[in-house]
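**Student:** coordinates only, no sequence provided:
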DNA sequence: GTCTATAAGGTGATAGAC
DNA sequence: GTCTATCACCTTATAGAC
């Protein structure tokens, strides 16, 4: 991590907020400068181009997941012991920054060719992941299930809140806390059934 | 449904494709006109503004889910019988148009205030949904689980394909077909375990 | 219905003064 | 590092000819 000036930090904070909310194309350099309370040309001074500023934000968004995935796919712990920890970690990460999943998934969906590089950056080798799972029946589906159950409620937050919690955001948050306790039990039963 | 001219259909088809891929802000009226092979001013002639064209696309994207959700929340069938049917329907809908979930979720995430209107358009009354589920323990989590398990793999398709299928798209599609058969069994066990 | 021409304004990026 | 001024370009939308 390089040293960052205060102005640089303000820029990234505003860029993060706006890119998360309105996307890359929906956010202008002027919007970001206004939000940060600085002159627009300073964005170019610090990041040269909009693309480079976006990349900085995108990488920062990804970086929050790196330790999670690393622990998941590199640990020697048995799946059954790992799962409850991973569920807690992922949901806590989502609570801290609920806009990241939809932001990252939208970007990867628009530019799927980025995926190999992203996996590289995270230090994940898909071949090893697949090899590690070979023993477990339906291991691909189980990994998909794990991430689905933890991440999707946040990606679909407005729908979930509107449909099931009468628009009450606090109720949604409370349910997600409860979910950290309920899911491991549910998930482990779901795992043991096959085979 | 009103009668539509050939030109109008071409416009919507191109707008759909581009809005799904690049989002509203990332797509210009010129892009759409070029893709449709028509003059740009015709877009304004048929839809007056970009906003109105986007609304037409957004509503069409939602309309695919209306019958699914309607059958889910209005049927008198027991949850246990309904679930396998719903899983099949949702996954089939996702296969037919894999870009819709991320498109819809991104739009609702940027504009959550749209949610009440969207539920109204779908003819869904959240109060009734909640009342119907009151008997089942953790019914909110179970509904969340159902949609998570069916929809998330498609929203996260590049990640899933890159991480678990070595970038092989056919393998992803095959796994999703298999998933239609596996999920109901998994999900029903997951339901019965509580309480 | 379809076109050309045009309006009014926003965009990202840079040069150059301080 | 921070500013003003300026660049060439792209944006949506509309007026008016055919």
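**Tutor:** In hand now; what should we look at? Keep in mind that this is a model prediction, so the values were computed, not measured.

**Student:** the residue positioned nearest the centre of chain A: which element?
**Tutor:** For chain A, residue A:101 is the residue whose C-alpha lies nearest the centre (C-alpha atoms, centre = their mean; 4.1 Å). Taking DSSP states H and E as the definition, one finds residue A:101 inside helix A:100-110.

**Student:** touching DNA strand D at all, stretch A:6-22?
**Tutor:** Yes. Counting by C-beta under 7 Å from any atom of the strand, DNA strand D has neighbours in stretch A:6-22: residue A:7. In short, each C-beta sits where N, CA and C put it, glycine included.

**Student:** about what we covered before: who does the helix or strand that the helix holding residue A:101 is followed by touch, helix- and strand-wise?
**Tutor:** Counting by DSSP H and E, the element after helix A:100-110 in chain order, helix or strand, is helix A:115-121. Applying 3 or more C-beta pairs under 8 Å, 6 or more residues apart in numbering or on different chains; DSSP states H and E, we find helix A:115-121 packed against helix A:50-63, helix B:157-164.

**Student:** what is the neighbour count of the residue nearest to residue A:54 when sequence neighbours are not counted?
**Tutor:** Leaving aside its sequence neighbours, residue A:54 sits nearest to residue A:24 (C-beta to C-beta, 6 or more residues apart in numbering or on different chains; 5.2 Å). Per other C-beta atoms under 10 Å in any protein chain shown, the neighbour tally for residue A:24 reads 22.

**Student:** now swap in the one 10 residues further on and tell me
**Tutor:** Around residue A:34 there are 13 other residues, counting by other C-beta under 10 Å.

**Student:** what of residue A:5?
**Tutor:** Neighbours of residue A:5 (other C-beta under 10 Å): 9.

**Student:** the helix or strand of chain A with the lowest mean pLDDT vs helix A:50-63, what angle?
**Tutor:** In chain A, no helix or strand scores lower on mean pLDDT, DSSP states H and E than helix A:66-74, which sits at a mean of 82. Put simply, helix A:66-74 runs at 50 degrees to helix A:50-63, going by axes from the mean of the first three to the mean of the last three C-alpha atoms, to 10 degrees.

**Student:** would you check how far apart residue A:132 and residue A:79 are?
**Tutor:** Distance, residue A:132 to residue A:79, using C-beta to C-beta, to the nearest Å: 9 Å.

**Student:** those two - which one has more neighbours?
**Tutor:** More crowded of residue A:132 and residue A:79, by other C-beta under 10 Å: residue A:79, with 19 against 15.

**Student:** longest helix anywhere in chain A?
**Tutor:** Scanning chain A for the helix with the most residues, using DSSP state H, yields helix A:169-192.

**Student:** what angle do it and helix A:157-164 make?
**Tutor:** Here the directions of helix A:169-192 and helix A:157-164 differ by 100 degrees (the same axes, to 10 degrees).

**Student:** show me what contacts residue A:124?
**Tutor:** By C-beta atoms under 8 Å, 6 or more residues apart in numbering or on different chains, the contact set of residue A:124 is A:69, A:70, A:73, B:163.

**Student:** just give me the neighbour total for the closest residue to the last one other than its chain neighbours.
**Tutor:** What that stands for is residue B:163. Take residue B:163 and drop its neighbours on the chain: the residue closest to it by C-beta to C-beta, 6+ apart is residue A:126, 5.5 Å away. Look at residue A:126: counted by other C-beta under 10 Å, it has 18 neighbours.

**Student:** ok, residue A:63 next?
**Tutor:** So residue A:63, with other C-beta under 10 Å, has 12 neighbours.

**Student:** from DNA strand C, how far out is it?
**Tutor:** 23 Å (C-beta to the nearest atom of the strand, to the nearest Å).

**Student:** check which helix or strand residue A:123 maps to.
**Tutor:** Going by DSSP H and E, residue A:123 is not in any helix or strand.

**Student:** elements contacting the helix holding residue A:101?
**Tutor:** Against helix A:100-110 (3+ C-beta pairs under 8 Å, 6+ apart) you get helix A:6-22, helix A:50-63, helix A:139-155, helix B:100-110, helix B:157-164.
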